[in-house]
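Colleague: build the 3D model from these lines:
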Amino acid sequence: MRILLVEDDRETADYALQGLTREGHSLRVATDGREALLLASCEDWDLLVVDRMLPHLDGLALVRMLRAGGTTTPALFLTALGEVNDRVAGLQAGGDDYLVKPFALAELAARVEALGRRAQRQVPPETVLSVGDIEIDLLTHLARRRGEPLDLQERELRILEYLMRNAGRVVTRTMLLESIWGFHFTPRTNLVESNISRLRTKLGQESDAGPIETVRGLGYRLHVRGR
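Modeller: Numbering: from 1, shown residues only. Below is the predicted model of the structure:
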């Protein structure tokens, strides 16, 4: 699963990161509530693992704001607060499970797997991703615009899918470098720009008024307006 781990204690974060990575999960760590709110709002995650006590925005407030904004991603609270009232508060805030520190990696992994199975039962598998007049068949990995097939290379297809999954939101250059190329630093390269340019050409986009908009100083945004 793709997991956002929100934990400001470096030792705890490293402990959970190493354990869940060994189980085959892909993790990104946020160290404060504001950073987590941005990441959870702008990207798709299979699970949120959230410490309750965080700088800038605490875990309860973070999950409440995400739920109010329509985010339904399962959330597992990690906390040193283990009283019944604390557990109830976490569940009432929109959490799906609660694990008290210190915890064993085996229990964390088991709870993560259980939440993943629960989410899979609730959501039918998605086979076609569609935004406006663009669609991707997730089974055949074929993309179309206005019903016409698009001749996309694998990386161009992945960029398009990422933009579609975040349609209407700004996707930064850093987000694309991390998600598509796996870079966790900002290289001096025009990889993003050149791939976006080719993708626009294959979409038949002749100006910035097309489906992929450049948001100056921030990144790119895929329009969600009609066909």
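Colleague: so this structure: which segments form each domain?
Modeller: Domains of the chain are assigned by automatic domain parsing as 2-122, 128-222.
Colleague: now the ones you listed in TSV, with mean pLDDT and mean neighbour count?
Modeller: Backbone N, C-alpha and C define where each C-beta goes, glycine included. Below are those laid out as TSV (pLDDT from 0 to 100; neighbours: other CB atoms under 10 Å):
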stretch	mean pLDDT	mean neighbour count
domain 2-122	88	17
domain 128-222	88	15
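Colleague: scan the protein for its longest helix.
Modeller: helix 105-122 (DSSP state H).
Colleague: packing partners of it?
Modeller: Under the contact definition 3 or more CB pairs under 8 Å, 6 or more residues apart in numbering; DSSP states H and E, helix 105-122 sits against helix 10-22, strand 47-51, strand 75-79, strand 97-100.
Colleague: need the CA coordinates for it. CSV is fine.
Modeller: Extracted C-alpha coordinates of helix 105-122, given in CSV (Å, rounded to 0.1, in the frame of the first residue of the first chain):
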residue,chain,number,x,y,z
LEU,A,105,6.1,-3.7,14.4
ALA,A,106,4.2,-7.0,14.0
GLU,A,107,1.0,-5.4,15.5
LEU,A,108,1.4,-2.3,13.4
ALA,A,109,1.8,-4.4,10.2
ALA,A,110,-1.2,-6.5,11.1
ARG,A,111,-3.4,-3.4,11.7
VAL,A,112,-2.2,-1.8,8.5
GLU,A,113,-3.1,-5.0,6.6
ALA,A,114,-6.5,-5.2,8.2
LEU,A,115,-7.3,-1.6,7.3
GLY,A,116,-6.2,-2.3,3.7
ARG,A,117,-8.5,-5.3,3.4
ARG,A,118,-11.4,-3.4,4.8
ALA,A,119,-10.9,-0.6,2.3
GLN,A,120,-10.6,-3.0,-0.6
ARG,A,121,-14.0,-4.6,0.4
GLN,A,122,-15.7,-1.2,0.5
